[in-house]
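**Student:** return a 3D structure for these sequence lines:
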Amino acid sequence: MAKVALITGAAQGIGKRTAQVLAERGYSLVLNDLHGLQQTIASLPAQTEVLQAVADVSDEAQVLQMVTRVLERFGRLDVLVNNAGISLIKPAEATSSAEWKRVMDVNLFGPFLLCREFGKVMLAQGKGSIVNVASVAGLLGIADRVAYNASKHGLIGLTRTLAAEWGGRGVRVNAVCPGWVKTEMDEKDMGSGAYTDADIENRVPMARYARPDDIAQAIAFLADEQQSAFVNGHTLSVDGGWVADGSWESLRLKKR
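**Tutor:** Below is the predicted model of the structure:
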């Protein structure tokens, strides 16, 4: 029987590529987003079994409905990928309460709800893997992103806490921390004038953006109970060396 994976934010970017990678590995998929998922579904192998779950992950009633639908269709869930997220680029002093709350709702409260509800399913099964998509912004402070940074720091805290609570009952919980990834979200953020390609490429020791596939392959590794059987509570940086490199820019560029 094929394993079942749920991916939130699956309509584009990292979520879409993760769906493709897991489908190639034989998973049945539950794909979630606020928007239509037809482009993602059309990109999957024809034999992939897919359940569409259009829902707002920050709405408790919609999450509970998603659980019911998944159990009715598959009777189980083996992998949960909490990928849905939104960004906000704004100075802290200009960030409104409503903006802060919306970022927290989607980036942190939503993953908590999904972990809590699908965690119950996995605990009853005695096995499962949860992968939370955090960010280098969950490991470092990056200016003009107070809500986003705080939400991703919180997501790493959630990951470690659940790993401690659930690891002994067969459920592993890990996080990936991407650096800057070339996705639709990045294009929108860069379009605001907040940064340029050179800003990112000059900061990354590997001198490029991440690709969605770089992150998707890391997620697939953490999802796989054979490849990462004893990995629990880990935050895997997939950032080209961003967090490792404390050099100033001229020194970093001098070494290329």
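
**Student:** tally up the residues packed near Leu251, please.
**Tutor:** As a burial measure, Leu251 scores 10 neighbours (other CB atoms under 10 Å). Where you see a C-beta, it was placed from the backbone N, CA and C, and this is true even at glycine.

**Student:** how near is it to Ile14?
**Tutor:** As judged by CB to CB, to the nearest Å, Leu251 and Ile14 stand 31 Å apart.

**Student:** max-length helix in the chain?
**Tutor:** Ranked by residue count under DSSP state H, the longest helix found in the chain is helix 146-166.

**Student:** which elements pack onto that one?
**Tutor:** With contacts taken as 3 or more CB pairs under 8 Å, 6 or more residues apart in numbering; DSSP states H and E, helix 146-166 sits against helix 97-104, helix 110-125, strand 128-133, strand 171-178, strand 235-238.

**Student:** each with direction, which strands does the shortest one pair with?
**Tutor:** Here strand 235-238 is paired, per DSSP bridges, with strand 171-178 (parallel).

**Student:** tell me the angle the strand it pairs with makes with helix 110-125.
**Tutor:** For the pair strand 171-178 and helix 110-125, the angle between their directions (axes from the mean of the first three to the mean of the last three CA atoms, to 10 degrees) equals 150 degrees.

**Student:** now strand 171-178: mean pLDDT?
**Tutor:** Mean pLDDT, strand 171-178: 98.

**Student:** following it, which helix or strand comes up?
**Tutor:** The C-terminal neighbour of strand 171-178 among helices and strands, as given by DSSP states H and E, is helix 184-191.

**Student:** quick check: next helix or strand after that following helix?
**Tutor:** Next helix or strand after helix 184-191 toward the C-terminus (DSSP H and E): helix 197-203.

**Student:** show me what the very next helix or strand once past that next one is in contact with.
**Tutor:** Under the assignment DSSP H and E, the closest C-terminal helix or strand after helix 197-203 is helix 212-223. Contacts to helix 212-223, defined as CB atoms under 8 Å, 6 or more residues apart in numbering, come from residues 5, 13-14, 16-18, 20-22, 25, 79, 81, 83, 129, 131, 133, 172, 174, 176, 178, 181-183, 227-228, 231, 234, 236, 238.

**Student:** now the buried members of these.
**Tutor:** The neighbour-count criterion (16 or more other CB atoms under 10 Å) marks 5, 13-14, 16-18, 20-22, 79, 81, 83, 129, 131, 133, 172, 174, 176, 178, 181-183, 228, 231, 234, 236, 238 among these as buried.
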